[in-house]
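> missing the sequence, but the structure's below:
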């Protein structure tokens, strides 16, 4: 580690090669709308692994601590007077390196340097946990950056540069993680934030979930739920859970059934149980103004307060306006949870789909340049803290059967991580390809129990075509948890047959998924492995964004419209083609033929028991392929 002044620079080196360096393009720090260089930097304490520097600046005395502890280089900025309005650190990785990490993006690039981000923005936008956002970035050359706190900050990356912009604080700290390679960095990261403490219910690891959402949207009712269940049974289609999505409440936040739509919820749940399905219900942390619960929650101070006014903050969300449950208030959580437990006890529900919890819905007001005021809570929490407390609540009160689509530093809770809603289209712009790249990103940020939302997308703007539905099914059928809403039989007999075969393939590998889930809990390793993590010394793997590994199975889905062949990279080793049973030596690029019903799959030959199992699966499930 080298430190230099004027400009203040931190260099992280391996031998003589600079892996990462802090660069000051326009100055050392930003204050009151301008860049400044430090007038004086005075070492207070210099040791072999630690440097404490007193930096004299314009109107500020700043302490910077650089502390090397094994594989973690701690960076701390601290003001001895007024809070910083903003500090900006820009880090540059070595040429030829790639950034990964963070979370869901509008354009789900993998690696991140492929993201088409404009130049440094003029307006600071806080890094908020909308869907799953993790304050962790790592490179394929063995460097990571972890912001292991809940302070407000923003981040930008462009090519080799990653800029951290932190506001509203007297001290701000984060870590540079040092490792031999990306796998080493990931291991240090997951040990720091925590390995998952549990595994998902075995039922959802082995059979798909069916949701009411895409098929019925808000027009769902009791008869339609039963109709869906009967259709699944009629087609003898694998299913673990029937999930009743929005809208079953009369008013959002009531947590009571609209009996005009669901006259006999208890009988409905009993009927679904008799068929053999578990049943879950969609819930959220909002209470709309018209809800029967709003006045009670307001009077008992169970809602997040406005940043300035003595009243609950008005939260605008996709289903109206209302209040937000204060998850830092134990009394509020107990009141909210009592109502969920009542739904389980009264009607027999097995679990819940927990929606929202995003830091982006937490009240936040800009009031001066880069400064913000945030909503007030019992626990005096920040927006991203809200997200993790929501996850913590679910983990502690509903550990058996629950899913979420948010998370920040919540890896240790080990819950099912659902990708955000996808559009029914191809591509990285929240389409089919983004389903795969987001799964790769979740795997690199410590969330192993991935559920890639609903097959075929949500049909918000466009209808899902037969081809898109089949390729979507193939792309996700071997991911840890699979979910349908659009039904295969709504297309035709061929689609139904293809979807059923790939669902049966997942079922046939049930023991493999349970084993991999247990391994993820013990080691922190992902279930769905990006090639760059599995083969860190293979530079070709660094940019592979359309393949993944499940155990010793390499999955290479077709992600482009009207494509019936694709180039596939097979890393080192010996691979058995699932369809032809031919052995192929890697590393090598091959071209695979993939008609509409073919998902290119390759099994590592050293796993002889898996090779035999997959051969048997092909003969039994894909009979007509012979």
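Everything's here; your move. Note that the coordinates shown come from a computational prediction; the quantities given were computed from them, not determined experimentally.

> every contact and neighbour count from this point should use C-alpha atoms.
Fine.

> immediately after the strand or helix carrying residue 223, which helix or strand?
If you go by DSSP states H and E, residue 223 is part of helix 222-234. Downstream of helix 222-234, the next assigned helix or strand under DSSP H and E is strand 241-244.

> who are the packing partners of the helix holding residue 223?
Packing contacts for helix 222-234, counted by 3 or more Cα pairs under 8 Å, 6 or more residues apart in numbering; DSSP states H and E, involve helix 265-275.

> and the helix it packs on, how far out from the chain middle?
Distance of helix 265-275 from the chain centroid (Cα atoms, centre = their mean, to the nearest Å) equals 32 Å.

> on that earlier part again, for the helix holding residue 223, the distance to its chain's centre please.
Distance, centroid of helix 222-234 to centroid of chain: 31 Å (Cα atoms, centre = their mean).

> next, the buried residues of that helix.
222, 225, 226, 228, 229, 232 (16 or more other Cα atoms under 10 Å).

> residue 349 sits in which helix or strand?
Residue 349 belongs to no helix or strand, assigned by DSSP H and E.

> let me know how buried it is, in neighbour terms.
Residues near residue 349, counting by other Cα atoms under 10 Å, number 22.

> again with residue 251
Counted with other Cα under 10 Å, the neighbours of residue 251 add up to 19.

> my read is that residue 366 contacts residue 373, right?
Yes. At 6.4 Å, residue 366 counts as touching residue 373 under the criterion of Cα atoms under 8 Å.

> of the two, which one has the most company?
Comparing residue 366 with residue 373 by other Cα under 10 Å, the one with more neighbours is residue 373, at 15 against 12.

> average pLDDT for the strand or helix carrying residue 592?
Using DSSP H and E, residue 592 sits within strand 583-593. Mean pLDDT, computed over strand 583-593, is 98.

> which residues touch it?
Contacts to strand 583-593, defined as Cα atoms under 8 Å, 6 or more residues apart in numbering, come from residues 564-577, 600, 605.

> top strand in this protein by residue count?
strand 565-577 (DSSP state E).

> walking through the stretch 401-550 of the chain, point out its strands one by one.
Under the criterion DSSP state E, counting those that start in this stretch, the stretch 401-550 of the chain contains strands at 402-404, 416-418, 450-451, 483-484, 528-529, 548-550.

> the stretch 51-200 of the chain now?
60-69, 72-79, 87-93, 99-103, 133-139, 143-146, 153-158, 161-166, 171-178.

> packing partners of the shortest one?
Yep, that's strand 143-146 we're talking about. If contacts are counted by 3+ Cα pairs under 8 Å, 6+ apart, strand 143-146 sits against strand 133-139, strand 171-178, helix 182-193.

> same question for the second one.
For strand 72-79, the helices and strands in contact under the criterion 3+ Cα pairs under 8 Å, 6+ apart are strand 60-69, strand 171-178.

> now that strand: mean pLDDT?
Per-residue scores along strand 72-79 average to 89.

> and the contacts of it?
Under Cα under 8 Å, 6+ apart, the answer for strand 72-79 is 60-68, 170-178.

> if you set the cut-off to 6 Å instead, what comes out?
Contact with strand 72-79 is made by 62-67, 170-177, as judged by Cα atoms under 6 Å, 6 or more residues apart in numbering.

> perfect, that will be all.
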